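Asker: Provided below are the primary sequence and the corresponding predicted coordinates.
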Amino acid sequence: MNAYLASVLESVKAKHGSEPEFVQTVEEVFSSLEPVIDRHPEYEKVDLLGRMVEPERMFTFRVVWQDDQGAWHTNRGWRCQFNGAIGPYKGGLRFQKNVNESIIKFLGFEQTFKNSLTGLPIGGGKGGSDFDPAGKSDAEVMRFCQAFMSALYRYIGPDVDVPAGDMGVGGREIGYLFGQYRRLKGVWENGVLTGKGLSYGGSLIRPEATGYGAVYYLLEVLKHENDTIEGKKIAVSGYGNVAWGIMKKAAELGAKVTYFSGPDGYVHDPDGIITEEKLNFILNMRATDPMHCKPYADKFGCEFVAGEKPWGMTDVDVNMPAAMQNDVKMESAVKIAAAGTKYYIEVANMPTTNDALNFLRKTPGIIVAPSKAVNAGGVGVSALEMAQNSERLVWTAEEVDAQLKKMMQNIHKVSAEAAEEYGLGYDLVAGGNIAGFKKVAQAMMEQGCF
Ligand code: 2IT
């Protein structure tokens, strides 16, 4: 690694010893930037990387709410406004028990480059809370969301910072958050949040966008390899909104998801999750039981393997980790390499540990695509939702879907071209990092020191 990159990385490690996820993501992005930093000595002169690893602003707040029994609870809330050089901060809110500052910061850093890759004017941000949605009543979720927004509303806005959903935050939570924002501000500014319901400014295809976008990106990879999607078998992890979108689009295009997983283990359905009945069962299972996917196996009479992950199967063509960070560790990567499955398409944010990712990238015959490119269709359609809100217009599902597809084709293209430009061959991981970085770097340089 070039000396400047290494010195910034060292200082990140020294400053963030207790934030392993954040250090991991900085290390991952930096590992692709050496040729860019060598070609642009002007970046070192103004310490551009030292600036880039420091969020422009990040705050922590208290969120106090009352449960249905009248007991009071105090949670921590965060919003990280990581980089606003190319547009208003944009990124989701994650409500999950294990959320902490390191996780919010890693997601905000990733989001900056991902949002840049969409080609749309959105900066990087992320937020969330250590609130645990499991087992909470609807009224409790509403009171929590109202308390969360009461702390956050002064610091966001359609031209300032536009939160959305992430794990634990779906349409219901966005509705309560927006209701409270409107109540407190007394204005109709629905461009302040994305992932809204259709009745108050949501976009068609937003719920499907991340999963559909991932499959559109896969199509581009297959095209590059003179391959097609028909008949392909896919293993995904997770069964949330994103995995569901992958299942739906894959089925529509003649492929099928045959493995998926939950925290309790994995399900193998050799017929594929391709019928409306199965897809709807997944949606409902997610809404009612986010911790167990076994009910699917019970209902449709297929195999369930408790406590295991769906990696390293010899009867799939594509692996798509779509559950959470660091889901695929070295042990799983070794199994995937042994199975020789050609396409490794990351979907969740940072689903692979750095050692496992580097191992897979070096394994001959495996093509690795990085999540910050593959899952960018979600936030990309969020930006299209913002555009519709500011135009006071509603686009048809066909229009949004066509734009999403074009966006994913372009993300693949600029990634492949960036890798090519630096003599790296068809390296989508390095290409995605470089292409995402270049636009943010240029905007920061042109805007002067900040
Ligand atoms: O990780 C992500 O890109 C998201 N959770 C979506 C963010 C957004 O603003 O739609």
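Answerer: Alright, I've got the coordinates. Numbering: from 1, shown residues only.
Asker: how much space between the residue of the stretch 251-400 of the chain found nearest the ligand and Asp315?
Answerer: Scanning the stretch 251-400 of the chain for the residue nearest the ligand gives Ser382, at 3.3 Å (criterion: C-beta to the nearest ligand atom). Where C-beta positions appear, they are placed from N, C-alpha and C, glycine not excepted. Ser382 sits 36 Å away from Asp315, going by C-beta to C-beta, to the nearest Å.
Asker: is it true that Gly425 touches Ala419?
Answerer: Yes: counting by C-beta atoms under 8 Å, Gly425 touches Ala419, with 6.5 Å between them.
Asker: ok, the two, which is more surrounded?
Answerer: Between Gly425 and Ala419, Ala419 has the larger neighbour count (other C-beta atoms under 10 Å), namely 23 against 10.
Asker: Would you mind listing what in the stretch 1-150 of the chain touches the ligand?
Answerer: Of all the residues in the stretch 1-150 of the chain, those in contact range of the ligand (C-beta under 6 Å from any ligand atom) are 90-92.
Asker: re earlier: neighbours around the residue of the stretch 251-400 of the chain closest to the ligand, how many?
Answerer: So Ser382, with other C-beta under 10 Å, has 29 neighbours.
Asker: cool, the one 10 residues further on as well?
Answerer: Look at Arg392: counted by other C-beta under 10 Å, it has 8 neighbours.
Asker: Then Ser390?
Answerer: 12.
Asker: In contact with the closest residue to it other than its chain neighbours, which residues?
Answerer: With sequence-adjacent residues excluded and distances taken as C-beta to C-beta, 6 or more residues apart in numbering, Ser390 is closest to Gly191, at 5.7 Å. Residues in contact with Gly191 (C-beta atoms under 8 Å, 6 or more residues apart in numbering) are 158, 162, 201, 386, 389-390.
Asker: Just read off the phi/psi values of the closest residue to the ligand within the stretch 151-300 of the chain.
Answerer: With C-beta to the nearest ligand atom, the shortest gap between the stretch 151-300 of the chain and the ligand falls at Ala164, namely 3.3 Å. Backbone torsions of Ala164, given as degrees, to the nearest 10, read phi -150, psi -160.
Asker: State the pLDDT value of it.
Answerer: Listed pLDDT for Ala164 reads 98.
Asker: Can you report how many residues neighbour Ile434?
Answerer: By other C-beta under 10 Å, 25 other residues sit near Ile434.
Asker: Report whether it is found in a helix, as I expect.
Answerer: Yes: the assignment for Ile434 (DSSP: H, G, I helix; E, B strand; the rest coil) places it in a helix.
Asker: Surely it and Glu420 touch.
Answerer: No: the pair Ile434 and Glu420 does not pass the contact test of C-beta under 8 Å, sitting 10.3 Å apart.
Asker: which regions of this protein lie under the pLDDT threshold?
Answerer: Across the chain, the ranges flagged by pLDDT under 70 are 450.
Asker: Could you look up the SS state of the residue minimising distance to the centre of it?
Answerer: The centroid of the chain falls nearest to Asn349 when counting by C-alpha atoms, centre = their mean (4.5 Å). For Asn349, the assignment made with three-state DSSP gives coil.
Asker: so how far is Asp38 from Tyr4?
Answerer: The gap separating Tyr4 from Asp38 is 9 Å, by C-beta to C-beta.
Asker: Next, Val368: phi, psi?
Answerer: phi -110, psi 130.
Asker: what does Pro163 give?
Answerer: Backbone torsions of Pro163, given as degrees, to the nearest 10, read phi -70, psi 170.
Asker: In this structure it contacts Gly127, no?
Answerer: Yes: applying C-beta under 8 Å as the test, Pro163 and Gly127 come out as touching, 5.9 Å apart.
Asker: Work out for me the element His73 sits within.
Answerer: His73 belongs to strand 72-83 when assigned by DSSP states H and E.
Asker: Counting by contacts, list what that strand packs against.
Answerer: Using 3 or more C-beta pairs under 8 Å, 6 or more residues apart in numbering; DSSP states H and E, the elements in contact with strand 72-83 are strand 57-66, strand 89-95, helix 101-117, strand 123-129, helix 138-152, strand 161-165.
Asker: can you redo those as JSON lines with distance to Ile411 and mean neighbour count?
Answerer: Conversion of the helices and strands packed on strand 72-83 to JSON lines gives the following (distance: least, C-beta to C-beta, whole Å; neighbours: other C-beta atoms under 10 Å):
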{"stretch": "strand 57-66", "distance to Ile411": "27", "mean neighbour count": "15"}
{"stretch": "strand 89-95", "distance to Ile411": "16", "mean neighbour count": "27"}
{"stretch": "helix 101-117", "distance to Ile411": "5", "mean neighbour count": "26"}
{"stretch": "strand 123-129", "distance to Ile411": "16", "mean neighbour count": "29"}
{"stretch": "helix 138-152", "distance to Ile411": "30", "mean neighbour count": "20"}
{"stretch": "strand 161-165", "distance to Ile411": "18", "mean neighbour count": "25"}
